[in-house]
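**Student:** Here's a sequence, model it:
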Amino acid sequence: MAKKKSQISTRGLILMIVGFLALLLFAVISILSKRVELPPRDAVGNTAGNLNNGGLFFEMNGVVYFANVSDSSCLYSMNADETNIKKLSTMHAQYINGYDKYLYFYMDSSEGSVDTGLGAAIKQFGLYRSDLKGNHQLNLVRDLTGVAQLVGPYIYYQVLDVNNKGTLNKIRIDRKEEQVVVDECVSPACVYNGVIYYTGVVEDHNLHSIDTNLSDRKSVVLNGIYFNPIVEYPYMYYMNELYKLCRVSMLTNETEILTDERIDFFNMNSQYIFYSVSASDTPCIKRMSLDGSNVSVIAEGIYNSIHVTSKYLYFKPYGADNVMYHMPIDGGIVSTFRPTAEK
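**Tutor:** Below is the predicted model of the structure:
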């Protein structure tokens, strides 16, 4: 009888150990599945040009994530050739970023949301992270934020207030290490080699830098006025105090004025600069080569929100927030962009 009890006791102990190990394995798998892999230090979320124009379009690995202005600016995705259109959220989105497995964007349920669930009853807003399908949305910052840019493992973002003041803050993508970086509401859109280039807004409009590789060390790069900088090495493109489109060599500091026109907005890729002009008898959106040559008119009218992907140029007519136009990036017919999710 004692031997039988011993066998039962041993079997029970083994079952307890096996059960404990199974629970431990489940706990480890659960923890690892929820752990966020931090991006490398050279990761960047979106182009400076797109973010300067509202961050409504972002392309990654042949997929374009965008705010569909014909559907309350809800977050959508599609292939770069505008096929395979999917709806990812039911709330207004902008300043879209992404890297690897995640998207980052400002989202607001009060801005034309068509949500009929919990989001319609409870105001949701702030800086969010989600997976590439728009699922598992996590609020990183519950605040009124402006331009946001992923730089390495951090999101640098503007914190706004009712007096149009604010700060530049950062937070790690796993919602840790939130801190103020600059006591001005400067834009972090322009990044090159881990350095953020920005225009001062309070004491001056000089070109400043934040070296994220050196614990956010700040310095003045150039004295003068440099609005909406975009780096296309070896040049930095910008608007001067007269809103003329210029570029400065990052090697020699030599400056060139690319057009005498007063421009409103611009964006670019490695071949062309796209810019809008309204202060003329014939307002329009134009395209030029990077050195200012080969200027051509794309469409007549007043336009803003100029966005560039690998295949298309997107832009909005002034005063019509629910209308977007597009055309092939190398030229072609301009038409209205009204994407509908494919079922």
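
**Student:** so how far is the first residue of stretch 217-233 from its last?
**Tutor:** Counting by CA to CA, to the nearest Å, you get 22 Å between the two ends of stretch 217-233.

**Student:** before we move on, what about stretch 178-189?
**Tutor:** Start-to-end, stretch 178-189 (CA to CA) is 18 Å.

**Student:** That one: how far from the chain's middle?
**Tutor:** Computed by CA atoms, centre = their mean, to the nearest Å, the chain-centroid distance of stretch 178-189 equals 15 Å.

**Student:** Give me the contacts around that stretch.
**Tutor:** The contact list for stretch 178-189 (CB atoms under 8 Å, 6 or more residues apart in numbering) reads 46, 48, 51-52, 141, 146-149, 151, 156-160, 164-172, 196, 198-202, 208, 210, 216, 218, 228. From N, CA and C alone the C-beta is placed, and that goes for glycine too.

**Student:** same check, this time on stretch 255-266
**Tutor:** By CB under 8 Å, 6+ apart, the residues outside stretch 255-266 that reach it are 49, 52-53, 228, 230, 237, 239-240, 242-249, 273-280, 288, 291-292, 295, 302-306.

**Student:** Pull out the buried members of those.
**Tutor:** Burial by neighbour count, 16 or more other CB atoms under 10 Å: within the contacts of stretch 255-266 this picks out 49, 52-53, 228, 230, 237, 239-240, 245-248, 273-278, 288, 302-306.

**Student:** Which members of the residues you listed occur in strands, if any?
**Tutor:** Those of these mapping onto strands are 228, 230, 237, 239, 245-248, 273-277, 288, 303-306, per DSSP state E.

**Student:** coming back round to it: of the contacts of stretch 178-189, select the buried ones using a PyMOL command.
**Tutor:** This is how PyMOL selects the buried members of the contacts of stretch 178-189, with burial counted by 16+ other CB under 10 Å:
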select buried, resi 46+48+51+52+141+146+147+148+149+151+156+157+158+159+160+166+167+168+169+170+171+172+196+198+199+200+201+208+210+216+228
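
**Student:** Residue 299 and residue 156: what is the separation?
**Tutor:** Applying CB to CB, to the nearest Å, the value for residue 299 to residue 156 is 34 Å.
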